[in-house]
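Visitor: Quick one: sequence and predicted model below, then my questions.
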Amino acid sequence: MTGDEADDRRALMEDPETRFRMAFDDAPIGMVVASLRPGSTGELVLVNQALARLLRTTPEELVGSSILALSPPDDLPIDLVFVRELVDHLRSTYQRERRMRRADGSDVWVRISVTSVIADRAPSYAIAHVEDITDRRAVEEELARRALYDALTGLPNRVLLVDELTLAVRRTAAGDGPIAVLYLDLDHFKDVNDTLGHAAGDEVLRQVAQRLGEVVGGDQGTFASRLAGDEFVVFARVADETAAQAIAARLHAALTVPMRIGDRTVVSRPSIGIAIARSAADAAEALLRRADAAMYHAKHRTRAPWAVHDETLDALAARRIAVEEDLRTALAADGFRLLYQPIVDLADGRIVAAEALLRLEHPTRGLLAPDAFIDVAEDSDLILPIGAWVMDEATRQLARWQAQRPQLRMAVNVSARQVRHLVLLDLVREASERNGIDPGDLHLEITERVLLDANVDVLAELRAVAELGCDLALDDFGTGYSSLAYLTRFPVTALKIDRTFVAGLGTSGESTAVVEAILGLAEALGLGTVAEGVETAAQRELLVELGCPFAQGYYFGRPMTAADLERLLG
Ligand code: C2E
Ligand code: CA
Ligand code: CA
């Protein structure tokens, strides 16, 4: 201790106003008295036990050293400013949060409240309370971390992604290479959640995150994050588009390796959309939107594992949004219509059934056919309420017609998504009951896609529907995956021969052969057949010759209103 400090100490202890010595030593909170003599750097005069404990040392060790000796090197400049301001009398009190270096070299976060004591119009010493706020800081840091990281996978979240992507794109302008943004969405992830439970779904997401990290984690300039749900985004600095596609290929390969989830094996195949930022003008959000549109295109249009964004995709995305809007409006404002196309018995030309075909009455564009909107309805879950409306309307119409013609039946198209959501059974049962028809008078037309994606629940659903007596017809037969295994495994009762084959009847040897083969197959399996798209008398003749029992097409009648079909029925 120098002479000055000893003077300070004595002055303090002899001060009749100061009776804090005892309280000081035993205070539960850290306390320190430091010199503020001119030119001082805050030499410690008194240190209590609590502060010494916090700093993992003894008061004796601390007394005499500068308060700045307690600053971690990084914090020294700022801590020095505060000491100077007290010494120079620029302020007399302050509170701040700072770090202090302990005797063992570790740092502790404290909240320090300092008051200078003025004697002879100059500050002579400062008294400080030092409070340990490590716990509170830890909570705050955890909250800050959570605001930037996804709790489930530990990956950066959207907020951090957008920040980092913004910085990375800026460096593109500074001459670094282009940035490729890869947007990943797992196919059928919802099914995993639905059939194996949310815990299994979470596990899949964790494993996906880990694999993303393994593919891009170590590389300089790469970044993997989880956006939401089953959507992940990776970005990387690349030389060109080919390099971006190579990353997509690596990601795709890594994710499609089967995962062990409990005692099940799950394959999580991703669809990947790629957008490339070439200039600093590309905003992070816009890049993400473009990569998302490319992902959507890959998933729903090309079914390729990945797609690279180009301008036409923007137009497609805009269409999707506009059509979804139209569909919602139509649902809310009774904008859907059904047209009916006759299905005839080829033996005598009688109408035995009608196929209900959906139309959208658009406020400005007139009556729209399904190819203008059904893909969007199916990709969003809008097909569910729309399909429910179709079933209700078609069964109501059938009930009206059956009052005069009890033999008449109705064919209703069912989308893969309705089946996958297992809503078909209830839908058929409820609509039939509500409108007073026998479900046995319904043909449900499904596509091969339904069977291709089927799991045990779908199979059970289809069997239950078949048990109600519904016919199950495979629509567009011959165009898809057409595996004979489906026909025996599923309760299919009829095939609809696709109109592309019917169109070639008589003119294309191959088409004629396909139609013949389908008819032979159907007969062998005891299935009914309907030839679609019959447009000419010649086609009708050939079908009769080949022994096709039923047909449908412009030749017999176009899709028409219920009133028109009623007139045709006579
Ligand atoms: P689809 O089930 O194969 O329906 C037959 C389509 O062929 C109808 O087109 C019909 O108008 C058309 N068509 C009928 N006869 C002929 C013909 O002689 N020549 C030609 N060139 N075409 C003919 P539409 O009404 O445009 O329906 C298209 C598709 O939309 C349907 O194909 C079906 O897959 C789907 N769809 C229609 N209504 C519904 C519905 O209520 N729900 C669902 N999920 N899909 C529907
Ligand atoms: Ca159909
Ligand atoms: Ca068809």
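Guide: Ah, there it is. Ligands and ions are numbered 1, 2, ... in the order given.

Visitor: Can you check my assumption that residue 353 lies in a helix?
Guide: No: counting by DSSP: H, G, I helix; E, B strand; the rest coil, residue 353 is not part of a helix but strand.

Visitor: In the sheet, which residues pair with it? Tell me.
Guide: Applying DSSP bridges to residue 353 yields these beta-bridge partners: residue 343, residue 409.

Visitor: pLDDT at it, what is it?
Guide: pLDDT, residue 353: 98.

Visitor: give me the number of residues near it?
Guide: 23 (other C-beta atoms under 10 Å). The C-beta positions use only the backbone N, C-alpha and C, and glycine is treated the same way.

Visitor: thought it was touching residue 341?
Guide: No: assessed by C-beta atoms under 8 Å, residue 353 is found out of contact with residue 341, at 9.6 Å.

Visitor: Need the residues that contact the host helix or strand of residue 82.
Guide: Assigned by DSSP states H and E, residue 82 falls within helix 76-87. Outside helix 76-87, the residues within contact range by C-beta atoms under 8 Å, 6 or more residues apart in numbering are 36-42, 67-68, 71, 90-92, 94, 96, 98, 114, 116, 123, 126.

Visitor: Would you list the buried entries among the residues you listed?
Guide: With neighbours counted by 16 or more other C-beta atoms under 10 Å, the contacts of helix 76-87 contain buried members at 36-37, 40, 42, 67-68, 71, 98, 114, 116, 123, 126.

Visitor: between the residues you listed, which is closest to ligand 2?
Guide: Among the buried ones among the contacts of helix 76-87, residue 98 lies closest to ligand 2 (C-beta to the ion), at 74.3 Å.

Visitor: one step back: for the buried ones among the contacts of helix 76-87, work out which two are farthest apart.
Guide: Across these, no pair lies farther apart than 37 and 98, at 22.3 Å, counting by C-beta to C-beta.

Visitor: which one of the buried ones among the contacts of helix 76-87 sits closest to residue 435?
Guide: Top of the list for closeness to residue 435, among the buried ones among the contacts of helix 76-87 and by C-beta to C-beta, is residue 98 at 76.4 Å.

Visitor: helix, strand or coil for that closest one?
Guide: Classified using three-state DSSP, residue 98 is strand.

Visitor: quick one: buried residues of stretch 399-412?
Guide: 399, 401-402, 408-412.

Visitor: now stretch 530-549
Guide: For stretch 530-549, the neighbour count (16+ other C-beta under 10 Å) marks 530-534, 539-540, 542-543, 546, 548-549 as buried.

Visitor: Any residue of it touching ligand 2?
Guide: No: residues of stretch 530-549 are not located near ligand 2 by C-beta under 5 Å from the ion, the shortest gap being 7.6 Å.

Visitor: Enumerate the residues of the stretch 301-450 of the chain near ligand 1.
Guide: Residues of the stretch 301-450 of the chain lying close to ligand 1 (C-beta under 6 Å from any ligand atom) are 341, 356-358, 369-371, 374, 390, 413, 415, 445.

Visitor: What subset of those is buried?
Guide: Buried among these (16+ other C-beta under 10 Å): 341, 356-358, 374, 390, 413, 415, 445.

Visitor: out of these, which are inside strands?
Guide: 341, 356-358, 413, 445 (DSSP state E).

Visitor: and residue 216, what is it in contact with?
Guide: Per C-beta under 8 Å, 6+ apart, neighbours of residue 216: 222-224, 234, 236, 247, 251.

Visitor: Spatially, what comes nearest to it if we skip its sequence neighbours?
Guide: residue 222 (4.0 Å; C-beta to C-beta, 6 or more residues apart in numbering).

Visitor: quick one: that neighbour from residue 164, how far?
Guide: Distance, residue 222 to residue 164, using C-beta to C-beta, to the nearest Å: 10 Å.

Visitor: Now list whatever residues contact both of those two.
Guide: Taking C-beta under 8 Å, 6+ apart as the contact rule, residue 222 and residue 164 both touch residue 235.

Visitor: Noted, bye for now.
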